[in-house]
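Chemist: let me see the structure of the following:
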Amino acid sequence: MNTEIIGIILMFAITITLAIPLGRYIGKIFSNEKTGLDKILNPIDKPFYKLSGIDPEKEMNWKQHLMALLTINLVWFFIAMFVLTNMSWLPLNPDNNPSMSGDLAFNTAVSFITNTNLQHYSGETGMSYLGQLTLMLWQFISAACGIAIAAVVFSAMKERTTDKLGNFYFFFVRSCTRILLPIAVLVASLLAMNGVPMTFEGKDSITSLQGDKVEVSRGPVAAFVAIKHLGTNGGGFFGPNSAHPFENPNYITNVIEIVTQMLIPLAMIFAMGYIIKRRKLSWMVFGVMTIGFLLLMVPTVISEVNGNPTISNMGISQAMGNMEGKEVRFGSAASAYWSIATTVISTGSINSMHDSFMPLSGMNQLLGMMVNCFYGGVGVGFLNFYIFIILAVFISGLMVGRTPEFLGKKIEAREMKIAMMIALLHPFLILVGTAIASYTYAHHPETYAGWLNNPGFHGFSEMLYEFTSSSANNGSGFEGLGDNTPFWNIACGIVMLMARYLPIIGPVAIAGSLAAKKYIPESAGTLKTDTSTFGLMIFAVIAIVAALSFFPALALGPIAEYFSL
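Modeler: Model prediction:
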């Protein structure tokens, strides 16, 4: 067990060690400074600009950035819908898998375009290779959109007065060619060398040790898995996701995948500090996020390592911890670490079944998504945290009798109204969705009997988790829920759309509004926002908002289940 704990510490240390220089590199990219890859990648960028008729040097205001983002996402949505509903006759379908129904295709297209990757299907039986490659493309696109829009906010945070915040297409293309593609190629190569398949051949027939003939699914898995983690997408090539031995064969690939999914979210924090020339602020943000992450991760690891007390009371040894729903090749500690990392960062990939975790571990997974700003997804994780910075600045200003200012710009009624609407949107979507599902199931239990394999407290948690995962753009699930139904496909699709784009529009609108205001130099009366004291204030605001919003729902689900053991 000590070895497993050392493995967790090593994985986190490797991530931070790589994230700091990567953050500096990302900062240089978006500051349009020279990097060592420019000579190789500039010729790759230019054809994209030329074919699309885009001038990457033409600067946009915040509204033009949002219009560009929403327009291209709408186009990609229709392309995805066409492919998913016509896979049966389109090429690259060696296993003759069927096309998707309209409601499932809607859910899947929305899911991958919004960087959620909630999967109400099993990839090996529900997708052709063309469908998988299409979704893999969206995993690049959605991640690049998140990184690009974060670059817009970073540009707005600089100490100046302007309405010109760079060019969205410039940020987007560079996110793809200079960040996502090179690292994804490296990670895919490492995975392929460790046994992850990379082929376009169909199912392979093998004979098992018992003498049975088995059809084994395969495909271009290594490339898919690399970008699913790097872009905090999380969608698995196979139904069991990274618990499947073809997606995650051994402990080495497990380390590669967990480091990969945490890498860019952490690096974006340091990129922010480099771009706005405030490294102390970036370390403060990193510290608050890390404290939040550790407060969720450490209790979860302890809970899973100690095992299930009910089983212990039966006299059954749990030397390996709570191993229900976990892979022996990873162990309980590494699985617990992954479960919090993937819910905090919004990747949503799994290497164990979250439905089988201890109740309080499940609560911590839910809290990671409910807070949705401890690291978060690529780019948008900082945008969510940015909202809490604005709230903390305003509250702190009122408490000490100073004008609320952030980076030399006054925060006024308009910014606060937007921040409050975005802060309340997340709990609204989760709690209203869960309430509707609970009411529907409670009043028509026979009609919707297929929804829940575990009624009672845990069944409520399954429905709460599904809407939480959808609203947090996470995509993981308590898989006791029968979710491939019109209700869940459409309801979760609507939640994913609202939870993806409104929390992007809000922070960008605030950043654009602040950027256009007159810069006020710091003075003796300026509230310092890069100190540990202010960091504690942000953490308190996050904790209070999360506690007030979600404690009643958690009390009805995982907390009640814990006391019923």
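
Chemist: His229 contacts Thr347, correct?
Modeler: Yes: the pair His229 / Thr347 is scored as a contact, 6.3 Å apart, by Cβ atoms under 8 Å. Any C-beta I mention is one placed from the backbone N, CA and C, and that applies to glycine too.

Chemist: compare these two (neighbour count), which wins?
Modeler: Remark: of His229 and Thr347, Thr347 carries more neighbours, 34 against 27, as counted by other Cβ atoms under 10 Å.

Chemist: between His229 and Thr347, what contacts are shared?
Modeler: Listed as contacting both His229 and Thr347 by Cβ atoms under 8 Å, 6 or more residues apart in numbering are Gln261.

Chemist: what residue is smack in the middle of the protein?
Modeler: The residue lying closest to the centre of the chain (Cα atoms, centre = their mean) is Ser346, at 2.2 Å.

Chemist: list the contacts of it.
Modeler: Ser346 neighbours (Cβ under 8 Å, 6+ apart): 115, 232, 234, 369, 372, 376-377, 380-381, 472-474.

Chemist: ok, the residues you listed vs Ala499, which is closest?
Modeler: Nearest to Ala499 among the contacts of Ser346 is Asn473, at 6.2 Å by Cβ to Cβ.

Chemist: part of a helix, is that closest one?
Modeler: No: counting by DSSP: H, G, I helix; E, B strand; the rest coil, Asn473 is not part of a helix but coil.

Chemist: who's in contact with it?
Modeler: Contacts of Asn473 (Cβ under 8 Å, 6+ apart): 114-116, 346, 377, 380, 496, 499-500.

Chemist: could you find the closest non-adjacent residue to it?
Modeler: Thr116 (4.4 Å; Cβ to Cβ, 6 or more residues apart in numbering).

Chemist: surely the one you found meets Met498?
Modeler: No: counting by Cβ under 8 Å, Thr116 sits too far from Met498 to count as a contact (11.7 Å).

Chemist: out of these two, which sits in the busier spot?
Modeler: Using other Cβ under 10 Å as the criterion, Thr116 and Met498 rank with Thr116 on top: 32 against 17.

Chemist: what kind of secondary structure is that one in?
Modeler: coil.

Chemist: who are the contact partners of it?
Modeler: Contacts of Thr116 by Cβ under 8 Å, 6+ apart are 110, 234, 348, 469-470, 473-475, 496, 500.

Chemist: and the gap between it and Tyr441?
Modeler: Counting by Cβ to Cβ, to the nearest Å, the gap between Thr116 and Tyr441 amounts to 23 Å.

Chemist: now the helices for the stretch 51-200 of the chain?
Modeler: Under the criterion DSSP state H, counting those that start in this stretch, helices of the stretch 51-200 of the chain are mapped to 62-84, 102-113, 123-126, 129-156, 168-174, 181-193.

Chemist: redo the ones you listed as a markdown table? Include distance to His458 and mean pLDDT.
Modeler: Converted to a markdown table, the helices of the stretch 51-200 of the chain look like this (distance: least, Cβ to Cβ, whole Å; pLDDT from 0 to 100):
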| stretch | distance to His458 | mean pLDDT |
| --- | --- | --- |
| helix 62-84 | 32 | 94 |
| helix 102-113 | 24 | 96 |
| helix 123-126 | 26 | 88 |
| helix 129-156 | 30 | 94 |
| helix 168-174 | 42 | 94 |
| helix 181-193 | 34 | 96 |
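
Chemist: can I get those in JSON lines with distance to Tyr448 and mean neighbour count?
Modeler: Formatted as JSON lines, these follow (distance: least, Cβ to Cβ, whole Å; neighbours: other Cβ atoms under 10 Å):
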{"stretch": "helix 62-84", "distance to Tyr448": "25", "mean neighbour count": "17"}
{"stretch": "helix 102-113", "distance to Tyr448": "15", "mean neighbour count": "24"}
{"stretch": "helix 123-126", "distance to Tyr448": "22", "mean neighbour count": "20"}
{"stretch": "helix 129-156", "distance to Tyr448": "29", "mean neighbour count": "25"}
{"stretch": "helix 168-174", "distance to Tyr448": "42", "mean neighbour count": "23"}
{"stretch": "helix 181-193", "distance to Tyr448": "40", "mean neighbour count": "18"}
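
Chemist: and Ser532, which of those is closest to it?
Modeler: Closest approach to Ser532 among the helices of the stretch 51-200 of the chain (Cβ to Cβ): helix 129-156, 22.5 Å.

Chemist: which helices and strands sit right next to that closest one?
Modeler: Applying 3 or more Cβ pairs under 8 Å, 6 or more residues apart in numbering; DSSP states H and E, we find helix 129-156 packed against helix 2-30, helix 62-84, helix 102-113, helix 168-174, helix 221-230, helix 251-275, helix 380-400, helix 486-515.

Chemist: swap in 7 Å and give it another go.
Modeler: Contacts defined by 3 or more Cβ pairs under 7 Å, 6 or more residues apart in numbering; DSSP states H and E place helix 129-156 against helix 62-84, helix 102-113, helix 168-174, helix 221-230, helix 251-275, helix 380-400, helix 486-515.

Chemist: what mean pLDDT does the longest one get?
Modeler: Spelled out, it's helix 486-515. Helix 486-515 shows a mean pLDDT of 95.

Chemist: just checking, what packs against that helix?
Modeler: helix 62-84, helix 102-113, helix 129-156, helix 380-400, helix 413-443, helix 457-471.

Chemist: got the angle for the second one vs helix 486-515?
Modeler: Helix 102-113 and helix 486-515 meet at an angle of 30 degrees, taking axes from the mean of the first three to the mean of the last three Cα atoms, to 10 degrees as the criterion.

Chemist: circling back: from the contacts of Thr116, which single one is nearest Lys58?
Modeler: Arg500 (26.3 Å).

Chemist: gap between the nearest residue to the closest one once chain neighbours are set aside and Ala472?
Modeler: In this structure, Arg500 finds its nearest non-sequential neighbour in Thr114, 3.7 Å apart by Cβ to Cβ, 6+ apart. Noted for Thr114: a distance of 11 Å to Ala472, by Cβ to Cβ.

Chemist: count of neighbours near Met416?
Modeler: The burial count for Met416: 17, using other Cβ under 10 Å.

Chemist: ok, now Ile9?
Modeler: Ile9: 10 neighbours (other Cβ under 10 Å).

Chemist: same thing with Phe563?
Modeler: So Phe563, with other Cβ under 10 Å, has 9 neighbours.

Chemist: so how far is Leu135 from it?
Modeler: From Phe563 to Leu135 the distance is 41 Å (Cβ to Cβ).

Chemist: do Lys326 as well
Modeler: Using Cβ to Cβ, we find Lys326 at a distance of 27 Å from Leu135.

Chemist: and Arg174, by the same measure?
Modeler: According to Cβ to Cβ, Arg174 stands 23 Å off from Leu135.

Chemist: for Lys409, grab phi and psi.
Modeler: phi -120, psi 130 (degrees, to the nearest 10).

Chemist: what residues are up against the closest residue to it other than its chain neighbours?
Modeler: Nearest residue to Lys409, sequence neighbours excluded (Cβ to Cβ, 6+ apart): Leu514, at 4.1 Å. Leu514 makes contact with 156, 409, 415, according to Cβ atoms under 7 Å, 6 or more residues apart in numbering.

Chemist: I appreciate the help and will end here.
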